[in-house]
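Colleague: coords please:
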Amino acid sequence: MFRLPEGMERVWLMRAKGMREVEIAETLGVSRQAVNKALKDARVKLFEAFFGLAEVFSWDVVRVNAEKGFMVARGECGDKNVRVYAFYLPGKGIRAFFNAEFPEYVLQYAVAIGLIRKEKRAELVKALES
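Modeller: Down below sits the predicted model:
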């Protein structure tokens, strides 16, 4: 299972929730440069993980947002074309869902990071696709 290192994940999550680099640095008692480096490294690792996942399953990547930790792709499942939504979830790693079949914890997470305002599948799909 792919996971960001704990410290990097903490910094990445704080940024995903909308904190500025300087605020993260002050909160954690580290330099802004250290925060910047952790965020840069996290983005690289997430891009690699999402594109690697797409390659393994022969999905076509539509969109990747490493700052918020998600990928939108399309692919085949059996004989059907499906939309694939993959998320990096802190403490859980990457999870993929087909055709917007999101469990409640994904909707809660999307609200927590400011991707959507209400726990509604349609709102999440709209945010991911735009």
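Colleague: switch to C-alpha atoms for all contacts and neighbour counts from now on
Modeller: Noted.
Colleague: gap between L128 and Q33?
Modeller: With the distance defined as CA to CA, to the nearest Å, L128 ends up 30 Å from Q33.
Colleague: Of the two, which one has the most company?
Modeller: Between L128 and Q33, counted using other CA atoms under 10 Å, the more crowded position is L128 (17 against 12).
Colleague: for the more buried one, what are its contacts?
Modeller: V72 (CA atoms under 8 Å, 6 or more residues apart in numbering).
Colleague: Then V44?
Modeller: Neighbouring residues of V44 by CA under 8 Å, 6+ apart: A66.
Colleague: could you give me the average pLDDT of the host helix or strand of it?
Modeller: V44 belongs to helix 32-56 when elements are defined using DSSP states H and E. Looking at helix 32-56 alone, the average pLDDT works out to 97.
Colleague: Output the contacting helices and strands for the next helix or strand after that helix.
Modeller: Using DSSP H and E, the next helix or strand after helix 32-56 towards the C-terminus is strand 60-65. With contacts defined as 3 or more CA pairs under 8 Å, 6 or more residues apart in numbering; DSSP states H and E, strand 60-65 has these neighbours: helix 32-56, strand 70-77.
Colleague: partners of the helix or strand of the chain with the lowest mean pLDDT, with directions?
Modeller: Evaluated with mean pLDDT, DSSP states H and E, the helix-and-strand set of the chain has its lowest mean pLDDT in strand 70-77, which scores a mean of 92. On the basis of DSSP bridges, the sheet neighbours of strand 70-77 come out as strand 60-65 (antiparallel), strand 80-89 (antiparallel).
Colleague: Only the buried residues of the longest one, if you could.
Modeller: In this case it means strand 80-89. Across strand 80-89, burial judged by 16 or more other CA atoms under 10 Å covers V82, R83, V84, Y85, A86, F87, Y88, L89.
Colleague: And the shortest one, by the same measure?
Modeller: Neighbour-count burial for strand 60-65, with 16+ other CA under 10 Å as criterion, is recorded at D60, V61, V64.
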